[in-house]
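Trainee: Turn this into a model:
(one chain, ligands or ions: 1)
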Amino acid sequence: MVIIGGPASQLLAGRVAAELNETLALCDYRTFPDGESYSQIQSELDDNIIIIQSTPTDRDLVYLLQLLDICQGRPVKLVMPYFGYARQDKIFQPGEPMTARAVATALNPFLKDGSVFLVNIHAPSIMIHFHCPAESLDATSLLAGKIAAMGLHDPVVISPDKGAMNMARTAARALGCDCDFLQKTRLSGTEVSMAPQDVAVAGRDVVIFDDMIATGGTMATAITMLRRQGAKRVYLAAVHPVLTGSAVLKLYRSGVEAVLATDTLDKGVSTVSVAPLIARAIKS
Ligand code: R5P
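Mentor: Below you'll find the predicted structure:
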């Protein structure tokens, strides 16, 4: 088996290779002076190839296409820990693309005898756009495991909307506590408001679970609201720490106690590794 770590997933690829005790390919990634991307796999390939590459940016998607092109003709297991454009899973307004489908369509020709592993995909409907076996792995219990070890006071798990309620239920089961959700209204691309809910959080430690934190707007509003309702400490647990711009500042200004996230994206808050989850999925 050869594990190819894309530029956005080098640390995670290293961790998966260590979990599986398999070879990590030597790769070179560069940018040409005109801004185009360049990839080279310098190790020998066999017919058991794992590519691990998140696609938080368009450039990362191009690197992934290049890696797949190098491996074409061989069966590839593609691991996309963070699948960019997952929130463009529908045509919201006339004249818009369904970009999540466009991305899957671009990848399909390289995956004829392959398979895809995603992690907590934002919308499960995206999976049907892959023409090969596709699976979304669930990292919720890994995050919950870390939280369980923190000894929280009378914890309650909150989902910032109905969409993350499944995650919240799984986490609450693992922690043996209650869960609830907040009603969210998106005001613009970067602003959200939350209608007050009658959540019994006073004097309790609250953990907000979501699939991703992007601008931090959703979480910052939720933290502020829950603190106003008397929550003792508010923790955030998210699978994908996209964290654009000043998201981290926003969260700490709102009074978050700690932010926990996985290494589907390699950020300072990525303290929970999904490597064991991915290694198990590859083995099975
Ligand atoms: C939305 O449906 C997602 O689950 C997240 O709640 C959202 O994408 C977070 O975005 P932001 O951090 O920009 O508020």
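
Trainee: Give me the buried stretch members for stretch 88-103, please.
Mentor: Gln88, Asp89, Met98, Ala100, Arg101, Val103 (16 or more other CB atoms under 10 Å). From N, CA and C alone the C-beta is placed, and that goes for glycine too.

Trainee: thought the second one was touching Ala100?
Mentor: The reference is to Asp89. Yes. Between Asp89 and Ala100 there is a contact at 4.6 Å, judged by CB atoms under 8 Å.

Trainee: Please identify which two of the buried residues of stretch 88-103 are farthest apart in space.
Mentor: Pairwise distances across these (CB to CB) peak at 10.5 Å, for the pair Asp89 and Val103.

Trainee: which ones are touching Pro269?
Mentor: No Pro there; residue 269 is Val. For Val269, the contact set (CB atoms under 8 Å, 6 or more residues apart in numbering) comprises Pro241, Leu243, Val248, Val259, Leu260, Ala261.

Trainee: And the pLDDT at the third one?
Mentor: Spelled out, it's Val248. In this model, Val248 is scored at 98, pLDDT.

Trainee: What is the neighbour count of it?
Mentor: 17 (other CB atoms under 10 Å).

Trainee: what sits against it?
Mentor: Gly216, Val259, Gly268, Val269 are the contacts of Val248 under CB under 8 Å, 6+ apart.

Trainee: The first one now?
Mentor: Residues in contact with Pro241, defined by CB under 8 Å, 6+ apart, are Met212, Ile213, Val259, Ala261, Thr262, Leu265, Lys267, Val269, Ser270.

Trainee: Those residues also near the ligand: which ones?
Mentor: Met212, Ile213 (CB under 6 Å from any ligand atom).

Trainee: Among the contacts of Pro241, which lie within strands?
Mentor: Met212, Ile213, Val259, Ala261, Thr262, Ser270 (DSSP state E).

Trainee: from these, which is closest to Ile128?
Mentor: Among those, and counting by CB to CB, the member closest to Ile128 is Met212, at 20.9 Å.

Trainee: for the ligand, what are the nearby residues on the protein?
Mentor: Checking the chain against the ligand by CB under 6 Å from any ligand atom, the hits are 87, 160, 163-164, 192, 210-218.

Trainee: Of all residues in this protein, which one is nearest the centre?
Mentor: Taking CA atoms, centre = their mean, the centroid of the chain lies closest to His240, which sits 3.1 Å from it.

Trainee: hang on, the earlier thing: which among the buried residues of stretch 88-103 gets closest to the ligand?
Mentor: Asp89 (10.0 Å; CB to the nearest ligand atom).

Trainee: and the closest one, helix, strand or coil?
Mentor: The local conformation at Asp89, judged by DSSP: H, G, I helix; E, B strand; the rest coil, is coil.

Trainee: excluding its backbone neighbours, what's nearest it?
Mentor: Ala123 (3.9 Å; CB to CB, 6 or more residues apart in numbering).

Trainee: So which residues make contact with the helix or strand where Met225 lies?
Mentor: Following DSSP states H and E, one finds Met225 within helix 217-228. Helix 217-228 is contacted from outside by 158, 160-161, 182, 184, 190-194, 196, 199, 201, 206, 208, 210, 213, 234, 236, 238, 250-251, 253-256, using CB under 8 Å, 6+ apart.
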